[in-house]
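# Pasting the sequence and the predicted coordinates here, then a few questions.
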Amino acid sequence: MGDKISKIISLSKRRGFIFQSSEIYGGFSSCYDFGPLGVEMKNNIKRAWWDKIIKEHENIVGLDASILMKPEIWKASGHLTAGFADTLVECKSCHKRYRADEVDSEICPECGGELTRPRKFNLMMKTFVGPVEAEAATTYLRAETCQGIYVNFENVLNSMRLKIPFGIAQIGKSFRNEITPKDFIYRTREFEQMEMQWFCHPKTAAKYFDYWIKERFDWYICLGIKKENLRVRHHKKEELPHYAIAGADIEYHFPFGWREIEGIHNRGDWDLKNHSKFSGKDLSYFDEDPPAGGKEKYFPFIVETSGGVDRSLFVFLTDAYQEIKGGRTKTTKAAKEIEILLKIHKKLAPVKVAVLPLVRNKPKIVKKAKEVYRLLKPHFVCQYDELGSIGRRYRRIDEIGVPFALTVDFESLKQDDLTIRDRDTMAQERVKVENLIDVLKEKLSS
Ligand code: GAP
C-alpha cells in the first residue's frame, strides 16, 4: 500500500479516527471500529448527505428498514443466484483465496502454490433467526440497503401520498462476505451505505440517470474533493450488475489507483417487477398524469445513487491529508519539522473548535479558557488543550483538521476577548467572548 495510505492509517489510529476491530485479540480481518473522531466525522458525512438529498429536494423522503428481512427478498433481488457472486481461485498449498480477475498467473502470488480452477463464491452473509440452526430458519444480513426500500415502495407511496417521480433515501449497514477485503477501509465485510432510489416513468429514467450522476459528483466537489481526483466512468454493457440497464461509477484517484466510490444505476423495472412476482403483490403504479398524456399503468423505473459512508470517509481523509515542511508554525524548532495538515471541509471536520490557554501556569488564564470551553461545548464539538507549547498544540489540532483555534491570553483577562486562528489561512483576529458563538456559527456555515 502507498506511503500516503500508511500515514493515513497511522494517523487514524494515533488520533482516534479508526481502529482495527478486536485489536486486543489479534484483530478481526476487514472489520474496523470508528473512534471518537471517526464517529463524529462519519455522522457529519451522513448529515451532509441527508441534508443534500432530503432537504434540497421536494420529493424525497427517508426510510430506515431493518437489516434482517425475509430470505425470499434476496431470491427476488437475484442476490442468492449467479448475480451476486465473485469468481475466485484458491491456492492448493496455503489456501489463500483471490478474486480470479486479480491474479494473472496459475500460481499463488503469496507462496507459489498451484491455484484451483475459478469457481463462484456468493457474497451473502448467512445467519439464523430463532433458536434452531435449520435451513428453514436461515436468512441473510442485507447486502445492500435498497431492497428494504423496494419492499416498502407501497407503504411509503400511500402513507406519504406521493406521486411519481419521487425518491426514498436510506442510510444503513450492509454486509458482504468479500473474498479479498483490502486497502484499509476501502473494501470491508461490514460497511455503511447511503442510498437513494428515484422512482420514475420509464421514458424519463435516462434523463434522471444523467441528472443524478451530476448531482452526486457535485456533492463531493462541494465538500472539498479536488476536481482532478474525481471522475465519472460509464459502465460497458458487460460490466453492468445483474439488475442494471445502465450504470456509472464516480471514481476517486486513490494513491493505489482510480477506484469506485459511488455507483449510479438505471435499474429499469427489475426490482418492482421481481418483488411483485415473488411476493404476489402487484407493485405497478397507476399514473394519472404520464408524460405522454392520458393514463397509464406501469412498473416504475428506478434510478439509484449508492455511495459508501466508510469509503467516502476514506476519500475525504485522503484528499485532505497534507504534509508541509516547516514554515506554518513560525518557531525555529517547528520550521525543521514536517507538519501534518488535514484540510478537511468545515462541515465534515470532527472537531470544530479548540480552546487553548496561552500558558498553563497562569491560573486566571486557565480558568478563563475553561469557561470559554464550557460556553461553547453545547454548541460545537470542542476540544480543550493546555499541554505543551502553543506551537505544538496548533500542530496537534491541524493534524485532525480543527477549523478554528481559540487562544486565551493575558489581554483576554482585561478585554474579555480572545484570538481566533483560521486553520487554512492562519489569519488571527480578536473577538469578544460575548459574540463568540455567533461568530463561530457564521464562520462554520460560510
Ligand atoms: N445498491 C447498489 C449497490 O449496492 P454497489 O456498487 O455494489 O451498488 C455501492 O455498492 C457502494 O457501496 C460502493 O460504491 C461503495 O461505496 C459501497 N460499498 C460496496 N461494497 C463495499 C465494501 N465491501 N466495503 C466498503 N464499501 C462498499
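Cool, got the structure.

# Surely residue 306 forms part of a helix?
No. Secondary structure of residue 306 (DSSP: H, G, I helix; E, B strand; the rest coil): strand, not part of a helix.

# That one and the ligand: what is the separation?
Per CB to the nearest ligand atom, to the nearest Å, residue 306 is found 4 Å from the ligand. Every residue, glycine included, has its C-beta placed from N, CA and C.

# Then residue 86?
For residue 86, the distance to the ligand (CB to the nearest ligand atom) stands at 11 Å.

# Where does the stretch 301-446 of the chain get nearest to the ligand, which residue?
residue 308 (2.5 Å; CB to the nearest ligand atom).

# which residues sit in contact with that residue?
191, 192, 193, 194, 261, 262 (CB atoms under 8 Å, 6 or more residues apart in numbering).

# Please list only the buried members of these.
191, 192, 193, 194, 261, 262 (16 or more other CB atoms under 10 Å).

# Close to the ligand as well: tell me which of these qualify.
191, 193, 261, 262 (CB under 6 Å from any ligand atom).

# So the third one is in contact with residue 254, correct?
Read it as residue 261. No. With contact defined as CB atoms under 8 Å, residue 261 does not reach residue 254; the gap is 9.0 Å.

# joint contacts of these two?
With CB under 8 Å, 6+ apart as the test, residue 261 and residue 254 both reach residue 315.

# In three-state terms, label the residue nearest to residue 388 when sequence neighbours are not counted for me.
Leaving aside its sequence neighbours, residue 388 sits nearest to residue 396 (CB to CB, 6 or more residues apart in numbering; 7.6 Å). Classification of residue 396 by three-state DSSP places it in helix.

# Nearest residue to residue 399 in space, please, no chain neighbours.
Nearest to residue 399 is residue 340, by CB to CB, 6+ apart, at 4.5 Å.

# neighbours of that neighbour, just the number please.
Using other CB atoms under 10 Å, residue 340 has 18 neighbouring residues.

# Can you tell me what sits against the helix or strand that contains it?
Using DSSP states H and E, the element containing residue 340 is strand 338-342. Residues outside strand 338-342 that contact it (CB under 8 Å, 6+ apart) are 7, 11, 317, 320-326, 328-329, 395, 398-401, 423.

# quick one: the strands in the stretch 1-150 of the chain?
18-20, 32-34, 60-62, 85-90, 97-99, 119-122, 125-128, 138-141 (DSSP state E, counting those that start in this stretch).

# To residue 40, which of those strands lies closest?
Smallest distance to residue 40 across the strands of the stretch 1-150 of the chain (CB to CB): 8.9 Å, for strand 32-34.

# so who does the residue in the stretch 1-150 of the chain positioned nearest to the ligand touch?
For the stretch 1-150 of the chain and the ligand, the shortest gap (CB to the nearest ligand atom) falls at residue 144, measuring 3.7 Å. Going by CB under 8 Å, 6+ apart, residue 144 touches 174, 193, 195, 306.

# where does the third one land on pLDDT?
Read it as residue 195. Here, the pLDDT recorded for residue 195 equals 98.

# for the first one, same thing?
Predicted confidence (pLDDT) at residue 174: the value is 98.

# Quick check: neighbours of the helix or strand harbouring it in the sheet, parallel or antiparallel?
Element membership for residue 174, per DSSP H and E: strand 166-175. When pairs are called by DSSP bridges, strand 166-175 turns out to pair with strand 60-62 (parallel), strand 190-200 (antiparallel).

# And the helices in the stretch 101-250 of the chain?
For the stretch 101-250 of the chain, applying DSSP state H, counting those that start in this stretch gives helices covering 146-150, 153-159, 205-222.

# Tell me which of the ones you listed approaches the ligand most closely.
Going by CB to the nearest ligand atom, the one of those nearest the ligand is helix 146-150, 4.5 Å.

# What residues of that closest one count as buried?
Buried-residue list, helix 146-150, by 16+ other CB under 10 Å: 146, 147, 148, 149, 150.

# Same question for stretch 179-190.
Result for stretch 179-190 [16+ other CB under 10 Å]: buried residues 179, 181, 183, 184, 185, 186, 187, 188, 189, 190.

# Reformat the residues you listed as JSON lines; add distance to residue 212 and pLDDT.
Below are the buried residues of stretch 179-190 laid out as JSON lines (distance: CB to CB, whole Å; pLDDT from 0 to 100):
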{"residue": "179", "distance to residue 212": "30", "pLDDT": "81"}
{"residue": "181", "distance to residue 212": "28", "pLDDT": "71"}
{"residue": "183", "distance to residue 212": "26", "pLDDT": "90"}
{"residue": "184", "distance to residue 212": "28", "pLDDT": "93"}
{"residue": "185", "distance to residue 212": "25", "pLDDT": "95"}
{"residue": "186", "distance to residue 212": "23", "pLDDT": "95"}
{"residue": "187", "distance to residue 212": "24", "pLDDT": "94"}
{"residue": "188", "distance to residue 212": "25", "pLDDT": "95"}
{"residue": "189", "distance to residue 212": "28", "pLDDT": "94"}
{"residue": "190", "distance to residue 212": "26", "pLDDT": "96"}
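
# Keep only those residues that also lie close to the ligand.
187, 188.

# Just the buried ones from the contacts of strand 338-342?
Members of the contacts of strand 338-342 classed as buried by 16+ other CB under 10 Å are 11, 317, 320, 321, 328, 329, 395, 398, 399, 400, 401, 423.

# nearest residue to residue 15 other than its sequence neighbours?
Nearest one to residue 15, counting by CB to CB, 6+ apart, is residue 400 at 5.2 Å.

# hang on, the earlier thing: would you convert the strands of the stretch 1-150 of the chain into CSV that also reports mean neighbour count?
Below are these laid out as CSV (neighbours: other CB atoms under 10 Å):
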stretch, mean neighbour count
strand 18-20, 19
strand 32-34, 18
strand 60-62, 16
strand 85-90, 19
strand 97-99, 17
strand 119-122, 14
strand 125-128, 14
strand 138-141, 18
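
# Tabulate these in a markdown table, adding columns for mean pLDDT.
As requested, the strands of the stretch 1-150 of the chain are arranged in a markdown table below (pLDDT from 0 to 100):
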| stretch | mean pLDDT |
| --- | --- |
| strand 18-20 | 97 |
| strand 32-34 | 98 |
| strand 60-62 | 98 |
| strand 85-90 | 86 |
| strand 97-99 | 85 |
| strand 119-122 | 85 |
| strand 125-128 | 93 |
| strand 138-141 | 94 |
